[in-house]
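Engineer: sequence and predicted structure are below.
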Amino acid sequence: MPDTSQQRHAVLAEEIRRHDRAYYVEAQSAISDQEYDQLYRKLLDLELAYPELQTADSPSQRVGGAPIDGFKTIRHAVPMMSLDNTYSQEEVRDFVDRVQKLLPGEPLEWLVEPKADGVAISLRFEDGLFTLGTTRGDGIAGDDVTANLRTIRTIPLRLNTLDQANDPGVLEVRGEVIMTRSGFAQLNRERADAGEPLFANPRNATAGSLKQLDSALVARRPLDIVLYGSGEIIGGPTIDSQSGLLEVLSRLGFRTPQNTWCCSSVNDVLDAIAELDRIRPGFDYDTDGAVIKLNRFNLRDRIGATAKAPRWSMAYKYAPEQMQTKLKAITVQVGRTGTLTPVAELEPVFLDGSTISRATLHNEDEITRKDIRVGDTVLIEKRGDVIPGVISVVKDLRPVDTKPFNMLTATGSQCPTCGGAIQKDEEFVAWRCVNSDCPAQAAQRLEHFAARTALDIEYLGDIVSDKLVERQLAGNPLDLFDLSVEQLSPLNLGTEDEPRVFGEKNANKLIDSVSRARTMGLDRWLFALAIPELGRTTATALSKFHKDIPAVAQSDILSDIIALDDMNEEVIHINPRSRKNPPTSEADKAKREQLYSELVDEIRKRVERLSELGFARITKENGNHPPNYTTEVGPSVARSVIAWFGSKIGRATVARLAKLGIDPQGSEPSKATDKGMVFTGKTIVITGTLLGMSREEAKAKVEANGGKTTSSVSKKTDCLLAGSKAGSKLAKAKSLGVTILDEAEFLKRIGE
Ligand code: IVH
């Protein structure tokens, strides 16, 4: 590389840094955007030709690189404490008095700063270079978000030199990452245009952006930073006060709080707080309070900190803003479990830095309690993270023709998602949709499918289920068997505001778990399918008496139970001695006696057949009358199971299972049927170490049961018999969706 290229790079980089500072920190640019872009492009071209010029502090490193897998947790060199909060001026006076008592006779000086409403971070510079940026986390350790922070242009990648001989070796600065109000509004406009969900407020947008795993995305977010504190410092100039620190930070190239007040009495402090409250609506970032800090560091050291917060500082929080607006409508949303939640649709109002057009109304009872009606003027409030809520109704402004809210009227007695019936849970206050096929409930079915007592699929709890249904990746639980790691890894489990990516590791585990579910027993499968009325005990009972799912679908046992139930009803009806329904004539009586004894015989025959199988037990013989008996599965469940298998969803499920090659086995010993033997026409691959038999023996068993074995796994393979330490063949079989049998399952299938 010619020396001149290196020099050109250094000059370009320095020039870009200068413009960055002028533009981002001092807010006054000397060149146009095009001129800036030209400089920037020249720098990129040079680095393309000479990649060694792409140093960590090059302005090119702000753009954001390839996505990273997750965040490393980093222990803070000096813990990041939080502050005691108050909403009361009285407590500010108490705080000042308290500090004065701890420092008797000392004249105290206070610095009042705006409390920026963003995300606390710590930046570490070593020999002037930005090396590490972390979130606060729990105060002791936080996430390494360096790559994301590098994209924030107000963070210098290299510190300005103050005095070469006396620059700090290590400097940790602390502050708040924020999103400017104008940047936030612009971002939401772009998202609205792109049909993407909007961020609720700048703080959520900031937190969400910092948690992004792909820093290229973060680079497009209008993030900014304000620095107001320090962590570990080794070397550098002596700093002995907060005002001194802010001055040094500013000289080093950082953006510091735009207004601060130096006060020497509590009245001055309270005046500063009041003035800040007056001017903060004009700030370009959200503030939620004022931070009062003892200015001199030597005095701070003398009074120290409690376990959680320093004794020398306190945050005064401004009361949350409330606004009046018009309630235009009340809409109803269906939640994951079918719960219907009323939502207030409001005349948009600007509240505490963002525009609010919806608020939660929780449930019907809450609406009734507050007597909230469409057309009302309502008072809304936003507090921190909480979704805006309706506080109360301004009754004086109520129009004449309003009506109280009623869920049945509001929904037309229908679920707004599926149009099905709705019902009020008497135990709870909520209304819910009772249609088990409602898409809003699909997530719940998926969660049930994966439950420990069902198919025990790891990593498929409520959040993942919700997201899979929302993204239409698994509207039906069997869709899980078609999912790939590539589809699952980028799944965002958080919100747009606070994304949390599922990741490749978890995706692999989920897919492995799904693959294991293929060979789980009939009992677990029957339960997992969420057939109405079919609980875990019934599933176990059915699996003991049936070979597989088609056998349950066409179960003679279940048909017998249903038939017996019908016959028992009939037998009561035709009983010739019935008082309720006496015979009309002698001939009728004779005919009914005949029918009665035939029916009793039929009932006895069927009960005996069931009891021979072990599915029923006769509890009392009744001579010429039907016997009393119990069955493992009651008639109502039997009807529900048979009805489900006969329904569209049941038939589709059986067909889909067959197509997926999933054939859960019950514990009824498999017999050679007229269709052939267990492995007739099937190709089996054997891999791994088998414990109870040799490979040769296993091969012989496959052949004795009608199958053949081959050595490599392909699409044509029907089953993989996998012993322990199975390697690449197992992986391939999983990826092809081949049925995997362990040794025990294999022996079970061949009836050994
Ligand atoms: S000083 C040892 N100064 O407020 C305490 N904090 O409620 C260091 N904050 O965690 C905090 N603006 O995230 C300080 N000018 C300011 C601040 C500020 C915002 C945040 C910060 C802190 C939280 C405490």
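Structural biologist: Thanks, I have it.

Engineer: and the stretch 51-200 of the chain, which residues reach the ligand?
Structural biologist: 81-83, 113, 115-116, 120, 176 (CB under 6 Å from any ligand atom). Placement of C-beta: from N, CA and C, glycine included.

Engineer: swap in the chain?
Structural biologist: For the chain, the residues in contact with the ligand (CB under 6 Å from any ligand atom) are 81-83, 113, 115-116, 120, 176, 228-229, 257, 291, 310, 313, 315.

Engineer: just the buried ones from these?
Structural biologist: The neighbour-count test (16 or more other CB atoms under 10 Å) marks 83, 113, 115-116, 120, 176, 228-229, 257, 291, 310, 313, 315 as buried among the residues of the chain next to the ligand.

Engineer: out of those residues, who's nearest I155?
Structural biologist: Comparing those against I155 with CB to CB places E176 closest, at 12.2 Å.

Engineer: could I get the phi/psi values of that closest one?
Structural biologist: phi -130, psi 120 (degrees, to the nearest 10).

Engineer: okay, strands next: where are they in the stretch 451-600 of the chain?
Structural biologist: Listed in chain order, the stretch 451-600 of the chain contains no strands at all (DSSP state E, counting those that start in this stretch).

Engineer: for the ligand, what's its nearest residue on this protein.
Structural biologist: Here the residue of the chain nearest the ligand is A120; by CB to the nearest ligand atom that distance is 3.2 Å.

Engineer: please, which helix or strand holds that residue?
Structural biologist: If you go by DSSP states H and E, A120 is part of strand 119-126.

Engineer: what mean pLDDT does that strand get?
Structural biologist: Across strand 119-126, pLDDT averages out at 96.

Engineer: so where's the stretch 201-350 of the chain uncertain?
Structural biologist: 335-337 (pLDDT under 70).

Engineer: low-confidence ranges, the stretch 1-150 of the chain, go.
Structural biologist: In the predicted model of the stretch 1-150 of the chain, residues 1-2, 21-34, 37, 62-70 satisfy pLDDT under 70.

Engineer: need the helices for it, in chain order.
Structural biologist: 3-20, 33-49, 89-102, 146-149 (DSSP state H, counting those that start in this stretch).

Engineer: in JSON lines: the ones you listed, plus mean neighbour count.
Structural biologist: Shown next, in JSON lines, are the helices of the stretch 1-150 of the chain (neighbours: other CB atoms under 10 Å):
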{"stretch": "helix 3-20", "mean neighbour count": "15"}
{"stretch": "helix 33-49", "mean neighbour count": "14"}
{"stretch": "helix 89-102", "mean neighbour count": "15"}
{"stretch": "helix 146-149", "mean neighbour count": "24"}
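
Engineer: closest one to H76 among the ones you listed?
Structural biologist: Comparing those by CB to CB, helix 146-149 comes nearest, at 14.0 Å.

Engineer: and C415, how many neighbours?
Structural biologist: 25 (other CB atoms under 10 Å).

Engineer: what residues does it make contact with?
Structural biologist: By CB atoms under 8 Å, 6 or more residues apart in numbering, C415 lies in contact with 334, 338, 340, 421-422, 433, 435, 438, 440.

Engineer: among the residues you listed, which ones are buried?
Structural biologist: 334, 338, 340, 422, 433, 435, 438, 440.

Engineer: what sits closest to I279 if chain neighbours are left out?
Structural biologist: In space, I279 comes closest to N259 once its chain neighbours are excluded; the distance is 6.9 Å by CB to CB, 6 or more residues apart in numbering.

Engineer: for S714, same thing?
Structural biologist: Distances taken as CB to CB, 6+ apart place L736 nearest to S714, at 7.6 Å, with adjacent residues excluded.

Engineer: how many neighbours does the one you found have?
Structural biologist: L736, neighbours per other CB under 10 Å, totals 14.

Engineer: close enough to count as contact, it and K716?
Structural biologist: No. Between L736 and K716 no contact is recorded; they are 9.7 Å apart, counting by CB atoms under 8 Å.

Engineer: contacts only, for the residue nearest to S714.
Structural biologist: Shown in contact with L736 (CB under 8 Å, 6+ apart): 713-715, 717.

Engineer: hmm, which of these is lowest in pLDDT?
Structural biologist: Least confident of the contacts of L736 in the model: K715, at 83.

Engineer: quick one: secondary structure of T154?
Structural biologist: Secondary structure assignment for T154 (DSSP: H, G, I helix; E, B strand; the rest coil): coil.

Engineer: can you give me phi and psi for it?
Structural biologist: According to degrees, to the nearest 10, T154 has phi -80, psi 0.

Engineer: what's around the closest residue to D240 other than its chain neighbours, how many residues?
Structural biologist: Sequence neighbours aside, F297 is the residue nearest to D240 in space, at 5.2 Å (criterion: CB to CB, 6+ apart). As a burial measure, F297 scores 17 neighbours (other CB under 10 Å).

Engineer: let's have the chain start at 5 instead
Structural biologist: OK, 5 is where the count begins now, so the last one is F301.

Engineer: ok, F301 touching I237?
Structural biologist: No. The pair F301 / I237 is not scored as a contact, 11.1 Å apart, by CB under 8 Å.

Engineer: how about the contacts made by L664?
Structural biologist: Applying CB under 8 Å, 6+ apart to L664 gives the contacts 482, 485, 522, 741.

Engineer: OK, contacts around the third one?
Structural biologist: Read that as R522. Contacts for R522 (CB under 8 Å, 6+ apart) come out as 485, 664-666, 743-744.

Engineer: quick one, phi psi at it?
Structural biologist: Dihedral angles for R522 - degrees, to the nearest 10 - are phi -50, psi -40.

Engineer: that one and G293, how far apart?
Structural biologist: For R522, the distance to G293 equals 56 Å [CB to CB, to the nearest Å].

Engineer: what separation do you get for D552 and G539?
Structural biologist: Look at D552 and G539: by CB to CB, they are 20 Å apart.

Engineer: likewise L231?
Structural biologist: Using CB to CB, one gets 60 Å for the distance from L231 to G539.

Engineer: got the end-to-end distance for stretch 125-135?
Structural biologist: Stretch 125-135 has an end-to-end distance of 14 Å (CA to CA, to the nearest Å).

Engineer: same check on stretch 21-39?
Structural biologist: 14 Å.

Engineer: kindly report the same for stretch 335-344.
Structural biologist: Taking CA to CA, stretch 335-344 runs 10 Å from one end to the other.
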